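Undergrad: What would the 3D arrangement of this be:
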Amino acid sequence: MTVLCSVPNRRCCSRTCAVVGELSRMGHPVFGRLVPGITDHDIGNTTDSHFRSLIPEGLLAKEEELRKKTRVIANAVKDWLARAKNCPLRVALADFGAKEFYPNHTNTFCTMLIDVLIHFFKQIGQLFLSLPPDRPGLQHVLSLSRHFFPKLTVLDIYFRERGHQPALYDNVQAWQNSPIFMSPALRRIRVYYPQSLDAYSLPVAWGHLTHLSLEHITDSEGFNKAIKILRSCHSNLISFHFSGSAHSILHSVDLFDAGVSVGHFVLPFLKTLSFDLPARLRPAPAVQGAKSVFEQFDFPALECLHYFWFPQSYLEEREATSVAFYRIIQRWGQSLKRLETTPQSFSAGDIRFYLRECPDLQEFVLGWSGQLCPTTTVIGPESNDTFLEFLGSTDKDGHFLLPKFQIFENINQNRYTDNAILNFIRAKQTAGPGLKKLRKISLKMYRSQQEAMAEALRSFIEDDCGVELEYSEKVTDICQWLQYPPIPDITSPDHHLPVLCSSYPSEKSTTSFIHHN
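TA: All right, here's what the predicted structure looks like:
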């Protein structure tokens, strides 16, 4: 069991974090002890400035010693939280280990710490839960579902259901009508839900949310409800992400009502839309429904689009995916700054047509999809080469087609030919303003390719040291291979474009983990 509690630095100055619990098992009963130099007396009497963390170490101990240590830690945490007063707390409860590695005394340790947290539930501002329903201590964690958290702004619930036993179903259902969803301050929600949890029926004020993520959609009903939730989010939503299970099959997508006009549901502030669905659409009616599902919405401020649909080898699915994607690009491409997609979203000859609709595009990520769809025929090296040529090309009037382009990442399994890479390097070295803003390009290259082109690559980096070029058998930085100084990380949190992710960024804080292996 991992239990973490922290206080954002912005509000607490010298207070860094409260570590709430730790145990690790190394074949024997164990207990946590303090970092070297801090004694048991210190943890109960320390000041905020040097109450830092507990480090997991496996040590032999008698059960009575374990109980004593547990009480010391729990009391110290309680004292520290009391000193934190009204500062908002960030709490994470996670459990990733195998059930057989959870002895009873570990369970007792965790429940004591949860008791401490419940005592301070009014201070909790961010809550992250990742718990399968068959773990020791789950019933104690469920007690959190009975509380109303007045300061809760971020809620992340990750349910990992195992089997369909009634007891497991009841554990998940305990959250269905929980007052935890009713916080007036709640603005960010991520729910990874099994079929037993009906996200659409959760008592959430959807219209107040700014960030929403619904993940692991397993069937048509879940997909339809996710879109209904999007309809309910109204004007405040900034980011929306939903994804499916790798094995989900959508038999029907029936959300486009004949009486709803195109663009009927307007989300004026939505900047990030993530559509990640590794699913099959069968039969044909589902394909037609998917093609029109987004036509009922309008996202006039959309800047970041993540469109990952992994159709199988069925021709009708590939056609539907391509058509649906192109409709999205046609409608909202003018405002896009970042685009993430897969080769299956378009055919080789269409790449130019898609990107011509995105004059302000700065970042393009071609996603890797081979593992999820081994039967899919993806675009070949010649298609990738076409895109490289397109990066530096001009229209009939001599204007560069992507004048603001800065970053291209290819994390697909396809490779580029030698000539395409060399031509791109030459084009970048001699280009006018069309490629002058390019800062990073990540390419798939065989080791034999990068060795054969070492001099050209070296010249490329010497002439444009602001550009990061990667080859990727093991995604190694080409600058490191050529023994050049590392290039500053432009994907840092200070980067100005939104980066899609399935979790939410938190306020900057110093956190220390207590982990039970």
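Undergrad: Now name the helix or strand holding Gly222.
TA: Applying DSSP states H and E as the criterion places Gly222 in helix 220-232.
Undergrad: which of the residues in that helix are buried?
TA: Residues of helix 220-232 classed as buried: Ser220, Gly222, Phe223, Asn224, Lys225, Ala226, Ile227, Ile229, Leu230 (neighbour count, 16 or more other C-beta atoms under 10 Å). Placement of C-beta: from N, CA and C, glycine included.
Undergrad: any idea which of these is the one closest to Phe181?
TA: Looking at the buried residues of helix 220-232 and their distance to Phe181, the nearest is Ile229, at 12.6 Å (C-beta to C-beta).
Undergrad: follow-up on the earlier one: output the buried residues of helix 220-232 in CSV; the columns should cover pLDDT.
TA: Converted to CSV, these look like this (pLDDT from 0 to 100):
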residue, pLDDT
Ser220, 73
Gly222, 77
Phe223, 77
Asn224, 77
Lys225, 81
Ala226, 83
Ile227, 81
Ile229, 88
Leu230, 87
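Undergrad: got any ranges where the stretch 151-300 of the chain has weak pLDDT?
TA: Confidence mapping of the stretch 151-300 of the chain against pLDDT under 70 gives the ranges 160-172, 193-197, 246-263, 277-293.
Undergrad: What segments of it are helices?
TA: Counting by DSSP state H, counting those that start in this stretch, the stretch 151-300 of the chain forms helices over residues 166-173, 220-232, 284-292, given from the N-terminal end onward.
Undergrad: Who are the packing partners of the second one?
TA: In terms of contacts (3 or more C-beta pairs under 8 Å, 6 or more residues apart in numbering; DSSP states H and E), helix 220-232 is packed against strand 211-217, strand 239-244.
Undergrad: between the last one and helix 220-232, how big is the angle?
TA: Counting by axes from the mean of the first three to the mean of the last three C-alpha atoms, to 10 degrees, strand 239-244 lies at 170 degrees to helix 220-232.
Undergrad: wait, is Cys361 part of a strand?
TA: Not quite, residue 361 is Leu, not Cys. No: secondary structure assignment places Leu361 outside any strand; it is coil (DSSP: H, G, I helix; E, B strand; the rest coil).
Undergrad: Now do the closest residue to Glu357 other than its chain neighbours against His216, distance only.
TA: Once flanking residues are discounted, Glu357 sits nearest to Gly333: 3.5 Å by C-beta to C-beta, 6 or more residues apart in numbering. Noted for Gly333: a distance of 29 Å to His216, by C-beta to C-beta, to the nearest Å.
Undergrad: Model confidence for Pro88, exactly?
TA: In this model, Pro88 is scored at 72, pLDDT.
Undergrad: now do Gln406
TA: In this prediction, Gln406 has a pLDDT value of 76.
Undergrad: Surely it and Lys440 touch.
TA: Yes: Gln406 lies in contact with Lys440 (C-beta atoms under 8 Å); the separation is 7.2 Å.
Undergrad: thinking again about what came up before, tell me the one of the buried residues of helix 220-232 nearest Val154?
TA: Proximity of these to Val154 was ranked by C-beta to C-beta; the top entry is Ile229 with 17.5 Å.
Undergrad: contacting residues for that closest one?
TA: Listed by C-beta atoms under 8 Å, 6 or more residues apart in numbering, the contact set of Ile229 reads Ala199, Tyr200, Trp206, Leu212, Leu214.
Undergrad: residues in contact with the second one?
TA: If I follow you right, that is Tyr200. Remark: with contacts taken as C-beta under 8 Å, 6+ apart, Tyr200 is in contact with Lys225, Ala226, Lys228, Ile229.
Undergrad: neighbours of Gly333, just the number please.
TA: If you count neighbours by other C-beta atoms under 10 Å, Gly333 ends up with 20.
Undergrad: Relative to Ser235, how far out is Ser145?
TA: Applying C-beta to C-beta, one obtains 30 Å for the distance of Ser145 from Ser235.
Undergrad: The two - which one has more neighbours?
TA: Here Ser145 and Ser235 are compared on neighbour count by other C-beta under 10 Å; more neighbours surround Ser145, at 18 against 10.
Undergrad: Tell me who's in contact with that one.
TA: Listed by C-beta under 8 Å, 6+ apart, the contact partners of Ser145 are Ala174, Trp175, Ser178, Ile180.
Undergrad: now, the most widely separated pair of those residues?
TA: The largest distance within those, taken as C-beta to C-beta, falls between Ala174 and Ile180 and amounts to 10.5 Å.
Undergrad: Among these two, which residue is more densely surrounded?
TA: Counted by other C-beta under 10 Å, Ala174 and Ile180 do not tie: Ile180 has more neighbours, with 24 against 17.
Undergrad: returning to that earlier point: relative to Asp360, which of the contacts of Ile229 is nearest.
TA: Closest approach to Asp360 among the contacts of Ile229 (C-beta to C-beta): Leu212, at 25.3 Å.
Undergrad: Please name the bridge partners of the closest one.
TA: Under the criterion DSSP bridges, Leu212 forms beta bridges with Ile189, Phe240.
Undergrad: With Ser274 instead?
TA: Here Ser274, judged by DSSP bridges, has bridge partners His241, His306.
Undergrad: Could you count how many residues lie near it?
TA: Number of residues near Ser274 (other C-beta under 10 Å) recorded here: 19.
Undergrad: And for Gln334?
TA: There are 14 residues near Gln334, going by other C-beta under 10 Å.
Undergrad: per-residue pLDDT, it?
TA: In the predicted model, Gln334 carries a pLDDT score of 90.
Undergrad: pretty sure it contacts Glu357?
TA: Yes: under the criterion of C-beta under 8 Å, Gln334 is in contact with Glu357, at a separation of 7.2 Å.
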